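1. what shape does this take:
(2 chains)
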Amino acid sequence: MFIEREIMSASTTQSWTAADLRLAGGRRRTDVRMRRLFIAAGLTTLLFTGLIVYTLVKDAFSFFIDVPKHELWNIGWFPRRGFFDIKTLVVGSLMVTGVAMLIAVPLGLGVAVYLSEFARPRVRRVLKPIVEVLAGIPSVVLGYFAIAFINPNLITVLAPGANKAFNIAAAGAAVGILTIPIIASVAEDALRAVPLALREASYGLGARRVATTFRVVLPASISGVVAALILGISRAVGETMVVAIAAGAVGGGLFSTDPFQPGQTMTAAMAALGFGSDQVAGDGLAFQSLFFIGFLLFVLTFLLNLLGDRLVRRVREEY
Amino acid sequence: MALSTPSKFGASSAANLTARITGGKRDVKGRVVEWLLLATLGVTLLILVALIVNLLDRAWPVLNGRFVDFLSSGLDASNAQEAGVWQAIRGTLTLAIIVIVVSFPLGIACAVYLEEYASRSRLARLIRINVRNLAGVPSIVYGILGLTIFVKFAGGITGGRTVIAGGLTLSVLVLPVVVITASEALRAVPRSIREGAMGVGATQWETVRSHVLPSAAPGILTGTMLALSRAAGEAAPLLLVGGITGLLRTGNLSLWEQITDGGFTSMPVAIFSYARQTGADFQAVTAAASLILLVLVVVINGLAIWLRNRFERNW
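-> Alright, predicted model coming up:
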């Protein structure tokens, strides 16, 4: 009441200008300052991407200039001896990813379909957090699990010729376990984004739940499901510690296409160069190869993520 | 009347009706598929159980015999009986503090910019795409960033291969997680809350501080904890920025020496180092350290999930 009267009397005696509505100087300055701070924080993330790209490109380029080109296609990856056979690493990464997908695709998609289409709400509420726990397992722990359990109890039993200590298959299986929750959660989101009306229409036509799931819901969400697979592949390609622990071949390795023997991937080769980088620092070329592989890995995962992201958004836009 | 004709269909008319529609055939295929799907879930849970049982089984000699000694001993490559993890635990805590101090304010501020200040501008869209891309960059690539920027370029400030360089690297690594989860939490705050504050004359910053951030706090907290558990479990980038792996230093570096002279380690890095040693004794040490890390990470994650469910508000 009191304020009202004051404003009333003010308005009768003088006209209001923009200056009267303006904030007190202190509050305005704080507001401007905070706005700048928030913009700066937003720009920082761009800075980090720029720095990553810059450091990778700069040293990858100088490695590519300096390296004798025939060393890039050789008998194996031995950076300290000057053998930089890229295909050894790429094939190693492909094998690990392939084995990982053998495990993660059926399990991840199965879990996603069950949780989204079959589980009762109460069951889902209990099971979903448990699957989320799986996503939180540190990769070093799974790397240890690969050499302590997966290799002796599964791989060497199924394939008696497999290397007893380290091999690509055991590492790939553990990477697969890491990938299950990613595939499961992205695919489940895609399945749940399919409107209920589509399912009801299918039921109305007399289809059972299984037919509805596989003939209606899955086709409707196919781009999201594919996105889940792509993001899973991207995660598997980038996984480092599991392979560094369980795949062996730390110092380098010969070119090999046998998943039951020790092998090297792009990520594990980088880690191996890294934790010996005191010694490598003197040897320019071996150290720079770190950036070259890093660049390859960055480009590869970037393209995969871009594709996955596009597909995820397509599902979201459709419904 | 027509609906209730028990004389015609018998007592269990629903079952009868189903039988008439399906022609009396049982849905064998459907049942099999459903059981298969349930089996995938079962296998997934079984893997989790196998992991925990295996770790407990292998770690038992350490957990039962010398758990306190294990917690208070330093790294040791020569004698598994004297190997421990206290340096690693302290390293992980120091790294976590750096991540909390650096990454959380920066990430939340970035999210506030994206959601409150510039939700539809071109710059915001660019930053959003960029953050999503950063979230998918393999962790080892962040190690290269850390090595070039925090160890070499800014070596004068961080002291080279120190826990500070490691902490900054992890901060950049988890930044996208913080930004994405905080953005989601801010987006969930309804417009009317902001309009209420604006309506009584609050500036944008005052609106954010007094209304939006408090309303979004539980969601933001959940995201930060997920980020923290990610940082606690990450080893790959630390290998590149100087987490010690050879277990050569068994000395008792003080906290200050760790910060200034390097030679830091963390739980995942220590597990990696122990996993590379041979012999059943070191297997037990590795398993025990893994179990401690797993419990730590699962507790943080569980807390985050619990927080999310507890404070989930439908406005």
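2. near chain A, which residues of the stretch 201-315 of chain B are found?
-> B:203-206, B:208, B:229, B:232-236, B:239-240, B:243, B:245-246, B:268, B:271-272, B:275-276, B:283, B:286-287, B:290, B:293-294, B:297-298, B:301-302, B:305 (Cβ under 8 Å from any Cβ of the partner chain). C-beta here means a position set from N, CA and C on the backbone, and glycine is covered the same way.
3. following the worst-scoring helix or strand of chain A on mean pLDDT, which helix or strand shows up next?
-> Counting by mean pLDDT, DSSP states H and E, chain A has its least confident helix or strand at helix A:277-280, which shows a mean of 48. Going down the chain from helix A:277-280, the next helix or strand is helix A:284-318, by DSSP states H and E.
4. what's around residue 123, how many residues?
-> Defaulting to chain A. 13 (other Cβ atoms under 10 Å in any protein chain shown).
5. please refer instead to chain B.
-> B:Leu123 has 14 nearby residues by other Cβ under 10 Å.
6. now do the contacts for it.
-> B:Leu123 sits next to A:Gly42 when contact means Cβ atoms under 8 Å, 6 or more residues apart in numbering or on different chains.
7. residues touching residue 286, list them.
-> All of this is about chain A. A:79-80, A:82, A:273, A:280.
8. I was after chain B.
-> A:144, A:148, B:58, B:271, B:274-275, B:277.
9. can you rerun that using 6 Å?
-> A:144, B:274-275 (Cβ atoms under 6 Å, 6 or more residues apart in numbering or on different chains).
10. count of neighbours near the closest residue to it other than its chain neighbours?
-> In this structure, B:Thr286 finds its nearest non-sequential neighbour in B:Tyr274, 4.2 Å apart by Cβ to Cβ, 6 or more residues apart in numbering or on different chains. Using other Cβ under 10 Å, B:Tyr274 has 27 neighbouring residues.
11. spit out the contact partners of B:Tyr274.
-> Counting by Cβ under 6 Å, 6+ apart, B:Tyr274 has contacts B:282, B:285-286.
12. helices - which of these land there?
-> B:282, B:285-286 (DSSP state H).
13. and the biggest helix by length in chain B, what does it pack against?
-> Counting by DSSP H, the longest helix found in chain B is helix B:28-72. Counting contacts by 3 or more Cβ pairs under 6 Å, 6 or more residues apart in numbering or on different chains; DSSP states H and E, helix B:28-72 is packed against helix A:86-113, helix B:280-311.
14. ok, then the element right after the shortest one?
-> Note on helix A:86-113: by DSSP H and E, the next helix or strand toward the C-terminus is helix A:121-136.
15. and that following helix, C-alpha only, in PDB?
-> C-alpha atoms of helix A:121-136 as PDB (Å, rounded to 0.1, in the frame of the first residue of the first chain):
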ATOM      1  CA  PRO A 121       7.500 -51.500 -14.400                       C
ATOM      2  CA  ARG A 122       8.500 -52.800 -11.000                       C
ATOM      3  CA  VAL A 123      11.000 -55.300 -12.400                       C
ATOM      4  CA  ARG A 124      12.400 -52.600 -14.600                       C
ATOM      5  CA  ARG A 125      12.900 -50.200 -11.600                       C
ATOM      6  CA  VAL A 126      15.000 -52.800  -9.900                       C
ATOM      7  CA  LEU A 127      17.000 -54.100 -12.900                       C
ATOM      8  CA  LYS A 128      17.800 -50.900 -14.700                       C
ATOM      9  CA  PRO A 129      20.000 -49.500 -11.900                       C
ATOM     10  CA  ILE A 130      21.900 -52.800 -11.800                       C
ATOM     11  CA  VAL A 131      22.700 -52.500 -15.500                       C
ATOM     12  CA  GLU A 132      23.800 -48.900 -14.800                       C
ATOM     13  CA  VAL A 133      26.200 -50.300 -12.200                       C
ATOM     14  CA  LEU A 134      27.800 -52.300 -15.000                       C
ATOM     15  CA  ALA A 135      28.400 -49.000 -16.800                       C
ATOM     16  CA  GLY A 136      30.400 -47.700 -13.800                       C
END
